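In: Fold the following.
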Amino acid sequence: MSLCPVLIALSLVLAISSAGGCSGGDSNALLSNGSGGPADSGGRSDAFSGSGSSSGGVAPVAGGDAGSEARAATGVDSSSGAVDSGTNSSAIADATSESASASAAEGGLDAATAAVQPFGCQFAWGEPSPSGSLASYGWLQFVTTWVGSEVQSDGSIGSCSACSWLTGQVAGTNLIPAYYAYFIGFYGHANGLPDQNQQPNGPNLATGGGALILGTANSGCPSGQICSSNKIVQMYGWYAAQSHAAWPTKPLVWLIEGDFIQYTAEATTQTQPLSYAQLGQLAVEIAKAIKTNMPNAVVSFDDSAWVNDMDRKSYWTAISSANYDMVWTTGVGNNTPFLNAGETSSTYNGGTATYSFLRTFTGKKILVDESAGMSQQNDTWSNQSAATINTLISEGVVAVNVSGAPSNYPSNVAALEPQLGSTCP
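Out: Down below sits the predicted model:
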């Protein structure tokens, strides 16, 4: 099936009765709005509006080092995806694993459980990180920010804007940080590939993203194979090492590449699409690069709520080889078990676009985000009954990120929390 941005605007799902009827396009539908985080315009609902740091985003970095000199300067080991920041990476991994184990034990969880239950056994509520102090946000369990806009057109990256967020805002709180990691998207932007809704009739991520991944970015790998030398993998490895230095023990959740599936053959508008096998290779290498350099990372791959039943199964089968911990997706909380508003079992993807399917098929717990930006929908999570949220917990959902939160979000959460069941095991 081709990418269909209108399918992702959850409020329009009722109007869709089949997978066809629209041409390709980048379903992230991100707009340059002057904010650190992208802004959604009716495509995916994983982007946040706002300006500056108030949206929890990071501003693009101008200039930067170029070519192989810049990559060498970062200390990236192309054979493993590991980054040498002047410290033995094996020692870092050992020490961090011990610290993570100790931290998890203090919280009543062993290290293995902490990796897949970063929020403990409590249903977790989050929102995009505001600017300024987070001291008054102790009623939340996590906050989010966007990363990847620092990448340059040659694939080099020399700054970690989120590191100062970790040390300056999140440190000293009990909040778990989460990254919306959009390195491919921002790399595309730096190479003249905006999101499809910004430039629907010209080159964009939906037409050239696959070629970018398989072209210059993959020049250090055997033909047709994605390896640890891929520049995107290197970006993830470098950023993970910097993040580990800033956040060495507590979990940090990585929400990898919204609409990751759009770069495959499923996206028929791609001039050079990745096969599912190649996407799986990329997922393996990204997860390895992150975890090698940040053992306390929690890696989560994205499920696009708009894909059809066949492609969803093919996608998650391809991703299964990667060492990942959670699934993240965009969805509503008032149409259980379905991800999309108005969806039923007779909808074109009604057989798999459910929380229960994702939990059963992948074996992973689920973090959900609500739509935002120009397709912002009303909160459908914190205003539900405890019985509804407990049903969603039973279907595998352990956390929700509420963007554009209503003013009564804190009081809603306070009323619900005592009535919610455990998310463990």
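
In: can you pull out the helices in the stretch 151-300 of the chain?
Out: 161-165, 183-190, 205-214, 231-246, 276-293 (DSSP state H, counting those that start in this stretch).

In: Could you list every helix and strand that the first one packs against?
Out: Under the contact criterion of 3 or more C-beta pairs under 8 Å, 6 or more residues apart in numbering; DSSP states H and E, the helices and strands touching helix 161-165 comprise strand 142-147, helix 231-246. Every residue, glycine included, has its C-beta placed from N, CA and C.

In: The ones you listed: which one's closest to residue 330?
Out: Nearest to residue 330 among those is strand 142-147 (13.0 Å), distances taken as C-beta to C-beta.

In: so the closest one versus helix 183-190, what angle?
Out: Angle, strand 142-147 to helix 183-190, by axes from the mean of the first three to the mean of the last three C-alpha atoms, to 10 degrees: 40 degrees.

In: where's strand 142-147 relative to the chain centroid, distance-wise?
Out: Offset of strand 142-147 from its chain centre (C-alpha atoms, centre = their mean, to the nearest Å): 10 Å.

In: what's the average pLDDT for that strand?
Out: What strand 142-147 shows for mean pLDDT is 96.

In: so that strand versus helix 231-246, what angle?
Out: Computed with the same axes, to 10 degrees, the direction of strand 142-147 lies at 130 degrees from that of helix 231-246.

In: so what strands line up beside strand 142-147?
Out: Here strand 142-147 is paired, per DSSP bridges, with strand 124-128 (parallel), strand 176-181 (parallel).

In: quick one on the thing from earlier: can you redo the helices of the stretch 151-300 of the chain as JSON lines with mean neighbour count and distance to residue 299?
Out: Formatted as JSON lines, the helices of the stretch 151-300 of the chain follow (neighbours: other C-beta atoms under 10 Å; distance: least, C-beta to C-beta, whole Å):
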{"stretch": "helix 161-165", "mean neighbour count": "21", "distance to residue 299": "16"}
{"stretch": "helix 183-190", "mean neighbour count": "24", "distance to residue 299": "14"}
{"stretch": "helix 205-214", "mean neighbour count": "25", "distance to residue 299": "19"}
{"stretch": "helix 231-246", "mean neighbour count": "26", "distance to residue 299": "10"}
{"stretch": "helix 276-293", "mean neighbour count": "24", "distance to residue 299": "5"}
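
In: Looking at these, spot the one closest to residue 116.
Out: Per C-beta to C-beta, nearest to residue 116 of the helices of the stretch 151-300 of the chain: helix 276-293, 13.1 Å.

In: so how far is that closest one off the chain centroid?
Out: On C-alpha atoms, centre = their mean, the centre of helix 276-293 falls 14 Å from that of its chain.

In: Determine the set of other helices and strands touching it.
Out: Counting contacts by 3+ C-beta pairs under 8 Å, 6+ apart, helix 276-293 packs against helix 89-106, helix 231-246, strand 252-256, strand 297-303, helix 309-319.

In: So what touches the third one?
Out: With contact meaning C-beta atoms under 8 Å, 6 or more residues apart in numbering, strand 252-256 is reached by 46, 118, 142, 144, 166, 176-181, 243, 283, 286, 290, 294, 296-302, 324, 326, 328, 367, 369.

In: Next, the angle helix 183-190 makes with it.
Out: Using the same axes, to 10 degrees: strand 252-256 against helix 183-190 is 60 degrees.

In: Given strand 252-256, what are its sheet partners and their directions?
Out: Strand 252-256 has these strand partners (DSSP bridges): strand 176-181 (parallel), strand 297-303 (parallel).

In: Among the ones you listed, which comes closest to residue 138?
Out: Going by C-beta to C-beta, the one of the strands paired with strand 252-256 nearest residue 138 is strand 176-181, 12.3 Å.

In: Outside of the closest one itself, list whatever touches it.
Out: Under C-beta under 8 Å, 6+ apart, the answer for strand 176-181 is 37, 46, 118-119, 124, 126, 129, 141-148, 162, 165-166, 170, 236, 239, 243, 247, 250-258, 367, 401.

In: chain center to stretch 298-306, what's the gap?
Out: 6 Å.

In: Same question for stretch 286-306.
Out: Between the centre of stretch 286-306 and the centre of its chain there are 8 Å (C-alpha atoms, centre = their mean).

In: how long is that stretch end to end?
Out: From its first residue to its last, stretch 286-306 covers 24 Å (C-alpha to C-alpha, to the nearest Å).

In: Check the average confidence over it, would you?
Out: Stretch 286-306 comes out at a mean pLDDT of 97.

In: Show the low-confidence segments of the stretch 51-200 of the chain, by residue range.
Out: Within the stretch 51-200 of the chain, the segments meeting pLDDT under 70 span 51-115.

In: and if you look at the stretch 301-425 of the chain?
Out: Within the stretch 301-425 of the chain, the stretches with pLDDT under 70 are 371-377.

In: mind listing the strands for it?
Out: 326-330, 365-369, 397-401 (DSSP state E, counting those that start in this stretch).

In: Switch those over to CSV; also include distance to residue 216 and mean neighbour count.
Out: Formatted as CSV, the strands of the stretch 301-425 of the chain follow (distance: least, C-beta to C-beta, whole Å; neighbours: other C-beta atoms under 10 Å):
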stretch, distance to residue 216, mean neighbour count
strand 326-330, 29, 25
strand 365-369, 31, 25
strand 397-401, 33, 26
